[in-house]
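A.B. asks: I need the structure of the sequence given here:
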Amino acid sequence: MEVERETIMHLADLSNFSVSNTECESLKQDLGEILNYISQLDEIDVSDVEPTYQVFEMENVWRDDEILPQEATREELLALTKEQKDNQIKVPKVL
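C.D. replies: Here you go, the predicted structure:
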């Protein structure tokens with residue numbers, strides 16, 4: 001399968017990578033070889049193979065949600081924080 005230069009540049013743009021012309025040519029060849037290798041899976045006859053949805057015989061283990069009494073009060077927990085505002089813990093901005 002032939003990989004085009006535009007595809008490489010589009011992927012680089014989406015990934016926020018800068019790619020030189022030399023790197024682009026190298027990536028074209030490498031991606032082409034990878035896609036050719038993966039395309040070999042199309043040649044495998046899987047007509048007699050049953051789909052496998054779950055390899056292990058496992059099931060989700062569910063438990064009832066229970067509200068348990070807490071030993072600490074809201075005020076005691078808020079007293080442990082560095083800063084609080086309106087009965088909430090104040091934390092630094094993430095973004």
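A.B. asks: could I get the full set of strands for the protein?
C.D. replies: For the chain, the strands defined by DSSP state E occupy 84-85, 88-89.
A.B. asks: ok, which of those comes nearest residue 69?
C.D. replies: Closest to residue 69 of the strands of the chain is strand 88-89 (C-beta to C-beta; 21.5 Å). Where C-beta positions appear, they are placed from N, C-alpha and C, glycine not excepted.
A.B. asks: and residue 8, how many neighbours does it have?
C.D. replies: By other C-beta atoms under 10 Å, the residues close to residue 8 number 20.
A.B. asks: kindly apply the preceding question to residue 50 instead.
C.D. replies: Neighbours of residue 50 (other C-beta under 10 Å): 6.
A.B. asks: out of the strands of the chain, which is closest to residue 5?
C.D. replies: With C-beta to C-beta as the measure, strand 88-89 is the member of these nearest residue 5 (51.9 Å).
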